[in-house]
Structures are given as structure tokens and as C-alpha cells.
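Asks: I would like to see how this sequence folds:
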Amino acid sequence: MRLDPVLLEILATKLTAAAEEMGNALQRSGRTMYVKETQDFGTGLVNHAGRLFAYPRGVGVIGMVDNDYSTVLEVIGELSPGDVVLTNHPFASGGLATHLPDLHLVKPYFAKDRIVGYGWCFVHSADVGGRVPSSISPSSHEIYQEGLMIPPVKIVCRGEPNRDMLAVMGANSRTSEENAGDLKAMLAALAVGERRVARIIEQHGVEAFEAAAVDVPAYSAAKARAAFRTIPDGTYEFWDYLDDDLVSPVPVRIHARMKVRDGLLDIDFSQTDPQVAAAFNLPSCGKRHTWLSLRLLQYVYTRDRAVPLNSGIFEPVTMTLPEGSLLNPVFPAAVGVRHATGNRVMDVLNGVLAAAVPDFMRAPGCGVTIPVVLAGPQTSDGDRQVMVVQLLSGGTGAMLGADGIDGRDPGTSGMSNNPIESIESSAPVMVHTYGVRQDSGGAGRWRGGVGLELTFSPKVSGCQVLARGMERHRFVPWGMAGGFCAKGSRTIKNLGRPDEQELGKIDVVDLEVGETITFLTPGGGGYGDPAERDPEAVLLDLKRGFISAQSARDDYKVVIEEGKVDHAATQALRATHVGRTAEAGTVFDLGRERLTWESLFSNDFMSRINSALSRLPPAARRSARRKIFAPVLPYLSPTGAIDAAGLVQARPAVERELAAFE
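Replies: Prediction:
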């Protein structure tokens, strides 16, 4: 059955509304701040092919539209009315779950005696066991350390809860009661979806409903391809880095080459580094994946806001993801901090698209999503309070004609921050500072959005602070078209005191009463020459605290005296300014540390290294990479600095080590 355009639009709208109502029900009935405030959850409707055909526009995590449920449906086999499937296992779910705290539920929806579709939801759980509170540690080197692994199983069978499985889950969590509350909210959301689907079928018939599950994604695919046709045919490439893998200070590279032909995109990640012995691996299972395609979704929606939100948007896109790489690791790779890698993939694809359509793309945003977690002291029964104090992001990149958004980069999540009142009423902490970070956005004719500052202290002894996805300490968000790069991340214990300590990237930090911890997140990159910014806009930025007086003069070449712009002095200062020369329509200000690294470890040389490593079995690549880069280790500071002279000295030794593997 092919639906006529009017009915297609009606059903697309109703299906989206059903998915959104599921999300609203989940948020209203959730137990934890992950659900109630942060909105780290998702809902949707899935068709027989295991792809989403309806997804919310305004509630929950944005962009998980490219999820693939086919492996879960194949593994679980026959389903009956009232069944609900649970999984959190990245490898057994075919990449549906991407780390263990994400609990996914799938429920079949029946019309009489046959399945017509499936409801889906997920929630990020506060804790599923493992070696640290909240289950996520960047230093984990295998998934067994990250908590309880649940392959696809029936958590509800014909309407009856699987109490044995629930008991196992409760025994393996530090927050068993909270988990149980969120699980009940998920089941309630699936029931809401079931009722809404039944109502749509009652109104339009089962044939129309099942046709919509196919036709609506096909319609989205056609509109998405039209949007992709705005990218000129050709081949484009870009690469960016994780600061390191925590095992060593050696940067980890993500590289993409995109071929475009008549709105069809083929993206090859073959020159991305091998999987690492830490928790930054992103388990795609070799498929085009939500964490890899999100920037493309945003591109489509910027071109055409009328596209129905579903998996069809990605039909014009293919991806190459070699096994054993950072973006397609093999079991039992640790994956807990996969969102740090997902953020960097966003920036890489941003760079690829900027090479193709420079006047259309923003500079990159902050490139971080950092759940700052507090683990309270252990109680007499062994439980611990584990909660997100704040979900930290930073500034959005600037673009031609517009500044970046300050303190809020929704690029990979769209999740909300937690109100201070909710934090202090729910956890034994006092928040001292939560606001914008001055001078953190990249200077430009259009300024990058500024990052955030968060400072807090515990009210009781025995607390631990954990922060996941900490990046951009070394390699900062880059500027475009003459705009400057942004400031990088910092983490500081006891800021402003004699015992102040620069922590860099943290795993677990013990914090006692009277001590403070401060997180400073990056801004977004600037766009255009800062000396071309409207001086009155610079003055307004200064008054708002977004920039300092020194930045106004040094970066923007604006002279401000007694709270006003001195236009004559500004004109004279700007007359001596020499702007940057545009190069093929865009200039990337990549930052000092990246330029230092790439002066010796260029794209070609890194591709040569990865080509040699790709010929080894996946299990042998990590040790080979460590051996190749061993000579540079003394010249890479864990806090981000790179000794340029030391790299020059180490390069011949790296060449010799590489030759042994070629």
C-alpha cells in the first residue's frame, strides 16, 4: 500500500505525537534526576525492519534516530503479547546499547494476533555495578569492569515480570531502588505507546499503519537526499583528536573521508586509530550508527525543517568502519566513555562538511559532554547515593552571520542542565559557582559561544567526584574563516587557595568537607576576523562578562575607555591589524598544540602508521601502536602541553619502530 500525500502527512504527525507522549510519560514518572531533569532517555516506534519510523522532536535525547534494533529482534525470536525485551549489552545488541548504564526496552505492539510494530525506550541508569560508582570509568580496559552485562532477555513475559532477572539486576547495582523506579517508568511509557498505536489503527486501519511504518521513512529519505544535494560532488576529508586514551598521553586520531555524488554520501573511517585499552571505544558493530551520523541529521534539518524525524534520513549514507578500530571495537573492549569519541566524530564531520560548504557550516562547538557525578559515602546496607551534579557542556561554534550560543552546545544530546535547587536538595553538596567562563569562546567577527564554570564542595566526608567525557584539554575547538580557536578544558581542586591543584582529566577524585572542585569547559570556535566585529558588540560582550578588557583590545582591536568605545582609537588600532588570508574559502585556526603535533605527525604519516597497524590482527594493534609511539612519551604532558623540541628529537626513533611493522 502506498499512502497518498495527505494521509502520509497526517500519520507522520500522529506517529511523532505518539513517540513524544511516550517521552512525556517517562519523564513525569521517572525516579532519578537523569530522567526528571537531565532527560537522558529516549522513546520511539520501530518497524519490522528494526528501524525507527517515529521519534520525538522535543523530549529526551536528540538524534538517536539511526538506531538499529534488528539484532535484538533476531536474537530474542518469537514474541507474545505482553512481552518486553531488555538489553544493555553493546555487542550482543548489535550496537543498539552503546554502554552498560543505558537500559533499552523493546515491546511488540499487536493488532489482533500479529505484530504491527514495536515500542522502544531507554534510560541512562545511575549505576549498573562495575568497579566504580556510576559504572563508568575512562580507565577501564575491558567491558567486564563496567557493570552487569544483559544480552537481550525478556524482562516481562506475557505481562508477568521476570522477577529472577530483576533480582539479579538489583543485586548488581549501588542504586537498586532508583533503577527499579526508572524501569517502572519505562514500562509505563511503552504502555502509553501501545495505547496510542491502537488508537491510530482504530482510526485509520492496520494496513495504513503498517504502510506508514515504511512510507514515512521513505519520504524522509527522499527529502534528506535533496538536502544532501546541496553538498557539491567531490571528495573531502578532515581529522581531529582525542587528547589521549588515558593509558598514555599519545593523541588518538579520528579521520573521515567523504565522497559525495548526487546526494549520496559515502564516509570512510578507515584511517581512524585502532581501538584503545581504555573506555573510549565506540561500539558500532560495523554499522552506520547513531553516534556517527548525528551531524548529518543536523545538516539535513538545517536545510529542511519539514523532514519527518526517522531512520529514513540516513538511507543516502553509507559508512566504512574497519573491525578493531576505535569506531568498531571488538569484544571485550571497554566502551563506557564512548560519548567522548562520539563528540569528536561530530567535530570531524563538521570539518568535512566545512571543507565542502564553508559558508554554511558553523565552527565546532565545545566538543564535550561531561556528566559530573557525585558518589556519597557508603551506607550501612552497602548502598551509595550516586547522582549527576551537573551535565556540563560549553559554547556552540559561531557561523557566518551569527555568534555561537553561550554555555549551551546541544550538538550531541540536547539534554538539560540540573537546577541548583534540585542539586542541593538531592545531594550533600553546596554549589559555589555555576555560570559562564570568561574569554573561553573563540574570538571572531562572530564570536564563539562561551563555556561554563562549575565549582562545588561536599557537605559530608567520604564523597567522590567522577567526571566522564573530559576532553579538549590539549586540542581545542578550532576557529574558521579567520576566527580564533576556543579555550580548552581545565579541572582544578581548591581554586584560588594555596593548595590549588591542576587536575587535568580525572577518573575518581576523593573530596572532603572544605575542599572544592572546579570544572571549566571550552567555548566554541570563532568565525571570521575578530577585528571586523562591531565594536559595540564587543562592548556588550565585555559588559556581560563574556570577554575581558584585555581580549577586547588584543583580540578584537577595540579600545574601551570609561565604559564606552573610543571609536577613533579603535579605528587607528585596527588600521595596523593584518588579517588572515582566506584559503579556499576557509581557514582553520587549529590551535598551537595541534599544529605542533602535526608538524611531525602529519595526516600522511599517521595514515602510514594506521595502514601498517591495519595489517595486524586487532588484538596485536594496541601493543604495536604503543611501541611505535614510545619514543614520544617523555615529551607529552598529561595536562596537555607538547614539547616541540622533544618531538623533533623523538621522530627518528618513531620512524625506526614503524619500519619494523611495515
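Asks: now the longest helix along the chain: buried residues?
Replies: For the chain, the helix with the greatest residue count under DSSP state H is helix 176-204. Neighbour-count burial for helix 176-204 flags 176, 178-179, 181-183, 185-190, 192-194, 196-197, 200-201, 204 (criterion: 16 or more other CB atoms under 10 Å). To be clear about C-beta, it is placed using only N, CA and C from the backbone, and glycine gets the same treatment.
Asks: let's verify Leu3: helix, strand, or coil?
Replies: At Leu3 the chain is in coil, as set by DSSP: H, G, I helix; E, B strand; the rest coil.
Asks: what about it, neighbour count?
Replies: Number of residues near Leu3 (other CB atoms under 10 Å) recorded here: 21.
Asks: would you confirm that it contacts Leu11?
Replies: Yes - Leu3 is in contact with Leu11 according to CB atoms under 8 Å; the separation is 6.9 Å.
Asks: between these two, what contacts are shared?
Replies: Ala208, Ala212 (CB atoms under 8 Å, 6 or more residues apart in numbering).
Asks: which parts of the stretch 151-300 of the chain are helices?
Replies: In the stretch 151-300 of the chain, the segments counted as helices under DSSP state H, counting those that start in this stretch are 163-171, 176-204, 206-228, 290-303.
Asks: dump those helices into TSV; add distance to Phe110 and mean pLDDT as well.
Replies: Below are these laid out as TSV (distance: least, CB to CB, whole Å; pLDDT from 0 to 100):
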stretch	distance to Phe110	mean pLDDT
helix 163-171	23	95
helix 176-204	9	96
helix 206-228	10	96
helix 290-303	27	95
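Asks: the stretch 401-550 of the chain: strands as residue ranges?
Replies: 429-436, 452-458, 463-467, 479-480, 490-493, 501-502, 508-511, 517-520 (DSSP state E, counting those that start in this stretch).
Asks: domain map for the protein?
Replies: 5-220, 363-529+579-588, 592-659 (automatic domain parsing).
Asks: now the ones you listed as a markdown table including distance to Tyr241?
Replies: Shown next, in a markdown table, are the domains of the chain (distance: least, CB to CB, whole Å):
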| stretch | distance to Tyr241 |
| --- | --- |
| domain 5-220 | 16 |
| domain 363-529+579-588 | 5 |
| domain 592-659 | 7 |
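Asks: so which of the ones you listed is nearest Arg303?
Replies: For these, distance to Arg303 was read as CB to CB. The smallest value, 12.9 Å, belongs to domain 5-220.
Asks: got the angle between the helix or strand containing Trp120 and helix 206-228?
Replies: Assigned by DSSP states H and E, Trp120 belongs to strand 114-124. Angle of strand 114-124 versus helix 206-228, following axes from the mean of the first three to the mean of the last three CA atoms, to 10 degrees, is 50 degrees.
Asks: can I get strand 114-124 as CSV, trimmed to CA atoms?
Replies: The C-alpha trace of strand 114-124 is given here as CSV (Å, rounded to 0.1, in the frame of the first residue of the first chain):
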residue,chain,number,x,y,z
ARG,A,114,0.1,-10.2,14.7
ILE,A,115,2.9,-7.8,15.5
VAL,A,116,2.5,-4.4,13.7
GLY,A,117,5.4,-2.6,15.2
TYR,A,118,7.4,-2.1,18.4
GLY,A,119,7.7,0.4,21.1
TRP,A,120,11.2,1.3,22.4
CYS,A,121,12.6,3.4,25.2
PHE,A,122,15.9,3.7,27.0
VAL,A,123,17.1,5.3,30.3
HIS,A,124,20.6,6.0,31.5
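Asks: on that earlier part again, and the strands of the stretch 401-550 of the chain: which comes nearest Val335?
Replies: Nearest of the strands of the stretch 401-550 of the chain (CB to CB): strand 463-467, 16.5 Å.
Asks: need the contact partners of the closest one.
Replies: So strand 463-467 is in contact with 132-134, 136-137, 370-377, 389, 428-429, 491, 506-512, 517, 519, going by CB under 8 Å, 6+ apart.
Asks: filter the residues you listed to the buried ones?
Replies: 132-134, 136-137, 370-376, 389, 428-429, 491, 506-509, 511, 517, 519.
Asks: now do stretch 452-459: everything it contacts.
Replies: Here stretch 452-459 has contacts from 372, 374, 389-390, 392-394, 407, 428-437, 495, 511-521, using CB under 8 Å, 6+ apart.
Asks: in that stretch, what's buried?
Replies: Leu452, Glu453, Leu454, Thr455, Phe456, Ser457, Pro458.
Asks: contact partners for Thr98?
Replies: Pro90, Leu282, Pro283, Trp291, Val335, Arg338.
Asks: wait, the last one touches Phe280, no?
Replies: So the one you mean is Arg338. Yes - because the distance of 6.9 Å satisfies CB under 8 Å, Arg338 is recorded as touching Phe280.
Asks: higher neighbour count, those two?
Replies: Phe280 (29 against 25).
Asks: right, and that one touches Asp244 too?
Replies: No - in this structure Phe280 lies outside contact range of Asp244 using CB under 8 Å: 9.4 Å.
Asks: so what sits against both of the two?
Replies: Val252.
Asks: what's the following helix or strand after the helix or strand containing Ser607?
Replies: In the assignment (DSSP H and E), Ser607 maps to helix 603-614. Counting by DSSP H and E, the next helix or strand C-terminal to helix 603-614 is helix 618-629.
Asks: now do that following helix against helix 603-614, angle only.
Replies: 140 degrees.
Asks: just want the angle from the following helix or strand past helix 618-629 to helix 603-614.
Replies: Remark: after helix 618-629, the chain's next helix or strand is helix 644-659, criterion DSSP H and E. When the same axes, to 10 degrees is applied, the directions of helix 644-659 and helix 603-614 differ by 40 degrees.
Asks: and helix 644-659, what does it pack against?
Replies: Helices and strands touching helix 644-659, as assessed by 3 or more CB pairs under 8 Å, 6 or more residues apart in numbering; DSSP states H and E, comprise helix 592-600, helix 603-614, helix 618-629.
Asks: how about the second one: buried residues?
Replies: Read it as helix 603-614. Met606, Ile609, Asn610, Ala612, Leu613, Ser614.
Asks: how about the first one?
Replies: Of the residues in helix 592-600, those buried under the neighbour-count criterion (16+ other CB under 10 Å) are Glu593, Arg594, Thr596, Trp597, Glu598.
Asks: what's that helix in contact with?
Replies: In contact with helix 592-600 (CB under 8 Å, 6+ apart) are residues 241, 251, 474-476, 478, 590, 640-642, 644, 647-648, 651.
Asks: thanks again, I'm all set now.
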